[in-house]
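Participant: predicted model, plus sequence, below.
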Amino acid sequence: MEIARRYQAIDERPSREQADALCAWLRDYAGRRINSRLIDERRCIPPHVTLDFGNQRLFGMHVEESYGGRALQCRDIARVLQQTAALDLGLGTWLLTSMFPGVRPIAAFANDHLKLALLPDLASGRMLAGYGQTEPSAGTHFPAMEARAVATGHGTWRVSGDKVWIGNATWAGVLTVMAHEFEGDRRHGLNAYLIPMDAAGVHFGRELLSLGMRGMVQSEISFRDVEVGEEAVLGGRGAGLDVAVDSMSFSRFAIAATCVGAMKRCASEMARFAARRQIATGRLIEHPVFRSEFGAVVARTAAGDALLDACGGLLDREGSAPIEIFAVAKVATSEFLWASADRLVQTLGGRGYDESNGAAQMLRDARVTRIFEGTSEALIAYLGQQALSPKSALQPLLRDLFECPDVADSLAECAAALKSRVGSASGSESGKESSLPRAWQLSSLGWTAMWAVIVACLRARDGEDPRVLSWAGLEYAQARAAAMHGSPGESVMFASHEVEESARRYRSEIGDVLQTLPGAKEELDPLLRPDPAGDDR
């Protein structure tokens, strides 16, 4: 039985009908008013797109209707994000960034006064929001964050810190900023502060020109004793971790939706080209290697759909879902999209390398999905840790929710075997066999856990293609075998001193040149700079 069908909490029709209308509008609008290549080349989303998206209340899909939002169910939000990303992955990512984590912390954690003051403008796109978590030395590792906030004793806070890679930073009217509460040198809990971007002490830094997603602005931003009131502490003191986890969970769900939409676009483009392309053996669409590669894209897409059904069904019925399934959805779909976008470029051959055909932009835009909101490596390690923990939600998820006790048992068996397995000499600092490094255990088991959840999600769907189920089962079996018996990657695990020796050898062979030729002049001439003292004589 499909996970989505198990939950009949509310009448689904109003939400579904709104989502249908939005998808239809997006398809029509994109054909007439969006030029993805120019957005990419100019590194800017045109103002009319922001205004038109706002008029459709796309930024408020998850906002209550009383605040001007649409209050769509999560499964319907996922459909709209899929549609947007299928048209332009960069636009889809910007939309999800504006919603989750932009608007979501306010909609979920602000008091009624702030909601009334901000949400109508945010839902309609008259104001954009952003989220400030990542720092130069910390992403999702909260203890390493250096941003700090100090209570003044007069009902206000002073927030200071440096944030980087902040989407919408210079476009936003408000930013949710994560900072540790300090009292003297003593650090207390993590708080989430809602900061207006016109507040004194807010300093916009450099814009970061990225490989893909070029239309969306991403910038550095600094806070120097920015004073905000007590109502700006979203969720109250010490609730910062709750805000962060909620924001990341919904963002990972939304990222998965955009990745699935983009994969569907990849499959569509591959099929269109292959049906028309003549090669030595006939039409490309008839070649077995192409048909196998295309089938893999379809299987990855089906797995993504199944994960979205599971996450969305739980969110719509319960309002929450285990963190583990968000992690699986994000890491799996981002890895699947990268493989699918690369296969699209390869299928098109030289045409795929031609920027005018869109495949190259898809590949560049897809790349960041494996990095932001938790890198694949970090999320896989987390899943591996959860698979080893008796308190994790993974086992109940597999055993009870998805009714797959065999998958739960096989994952537990793999975890037990992996803990006692020794590794090859190449992975040991001493050059001898030893227990596998903990980090390697977590990585190996994390990939296995990801495939276990995918198998369970696919089984939960009615009428799933048997070939897709077979594909997922084989991938799971391979992941288990690699974790329990070793993998090619494990055989070339260099010791740290070997890494350094290899780098030194390569530098001696190819050099280590720092390019010093100056670039474009950007700073203002001193004679034209305003005098800080106001003396312009």
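Facilitator: Sure thing, it's come through.

Participant: which stretches in the stretch 251-400 of the chain count as strands?
Facilitator: 278-279, 282-283 (DSSP state E, counting those that start in this stretch).

Participant: how about CSV for these, with mean pLDDT, mean neighbour count and distance to residue 199 added?
Facilitator: Every residue, glycine included, has its C-beta placed from N, CA and C. Output for these, formatted as CSV (pLDDT from 0 to 100; neighbours: other C-beta atoms under 10 Å; distance: least, C-beta to C-beta, whole Å):
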stretch, mean pLDDT, mean neighbour count, distance to residue 199
strand 278-279, 96, 10, 61
strand 282-283, 96, 11, 61
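
Participant: in JSON lines: the ones you listed, plus distance to residue 135.
Facilitator: Below are the strands of the stretch 251-400 of the chain laid out as JSON lines (distance: least, C-beta to C-beta, whole Å):
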{"stretch": "strand 278-279", "distance to residue 135": "50"}
{"stretch": "strand 282-283", "distance to residue 135": "52"}
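
Participant: so which of those is nearest residue 60?
Facilitator: Residue 60 lies closest to strand 282-283 among the strands of the stretch 251-400 of the chain, at 46.4 Å (C-beta to C-beta).

Participant: what segments of the stretch 401-537 of the chain are helices?
Facilitator: Here the stretch 401-537 of the chain has its helices, by DSSP state H, counting those that start in this stretch, at 405-420, 438-459, 466-485, 488-491, 496-510.

Participant: list the buried ones in the shortest one?
Facilitator: If you call a residue buried by 16 or more other C-beta atoms under 10 Å, then helix 488-491 has these buried ones: residue 490.

Participant: CA atoms only: put it into PDB for me.
Facilitator: The C-alpha coordinates for helix 488-491 follow below in PDB (Å, rounded to 0.1, in the frame of the first residue of the first chain):
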ATOM      1  CA  PRO A 488      37.600  -1.000  -4.300                       C
ATOM      2  CA  GLY A 489      37.700   2.300  -2.500                       C
ATOM      3  CA  GLU A 490      38.800   0.600   0.700                       C
ATOM      4  CA  SER A 491      41.700  -1.100  -1.000                       C
END
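
Participant: which strands and helices sit next to it?
Facilitator: Of the remaining helices and strands, none touches helix 488-491 by 3 or more C-beta pairs under 8 Å, 6 or more residues apart in numbering; DSSP states H and E.

Participant: swap in the third one?
Facilitator: When contacts are defined as 3+ C-beta pairs under 8 Å, 6+ apart, helix 466-485 packs onto helix 288-318, helix 405-420, helix 438-459.

Participant: show the pLDDT at residue 434.
Facilitator: At residue 434, the model reports a pLDDT of 61.

Participant: whoops, residue 532 was the one
Facilitator: Note on residue 532: pLDDT of 72.

Participant: against residue 201, how distant is it?
Facilitator: For residue 532, the distance to residue 201 equals 17 Å [C-beta to C-beta, to the nearest Å].

Participant: these two: who's more crowded?
Facilitator: Neighbour count, other C-beta atoms under 10 Å: between residue 532 and residue 201, residue 201 has more, with 15 against 6.

Participant: give the contact list for the more buried one.
Facilitator: By C-beta atoms under 8 Å, 6 or more residues apart in numbering, the contact list for residue 201 reads 160, 223, 224, 225, 226, 227.

Participant: quick check on the last one: phi, psi?
Facilitator: Going back to what we said before, that points to residue 227. Main-chain torsions, residue 227, degrees, to the nearest 10: phi -100, psi 130.

Participant: likewise the second one?
Facilitator: Backbone dihedrals for residue 223, given as degrees, to the nearest 10, come out at phi -120, psi 130.

Participant: that one touches residue 161, doesn't it?
Facilitator: Yes: using C-beta atoms under 8 Å, residue 223 is in contact with residue 161, at 5.4 Å.

Participant: common neighbours of these two, please.
Facilitator: In contact with both residue 223 and residue 161: 147, 177, using C-beta under 8 Å, 6+ apart.

Participant: which one's more surrounded, these two?
Facilitator: residue 223 (25 against 20).

Participant: so what's the more buried one bridging to?
Facilitator: In this entry, residue 223 is beta-bridged to residue 161, residue 202, by DSSP bridges.

Participant: from residue 268, how far off is it?
Facilitator: Counting by C-beta to C-beta - residue 223 and residue 268 are separated by 44 Å.

Participant: pretty sure residue 200 belongs to a helix, no?
Facilitator: No: assignment of residue 200 by DSSP: H, G, I helix; E, B strand; the rest coil gives coil, placing it outside any helix.

Participant: contacting residues around it?
Facilitator: Residue 200 makes contacts with 226, 227, as judged by C-beta under 8 Å, 6+ apart.
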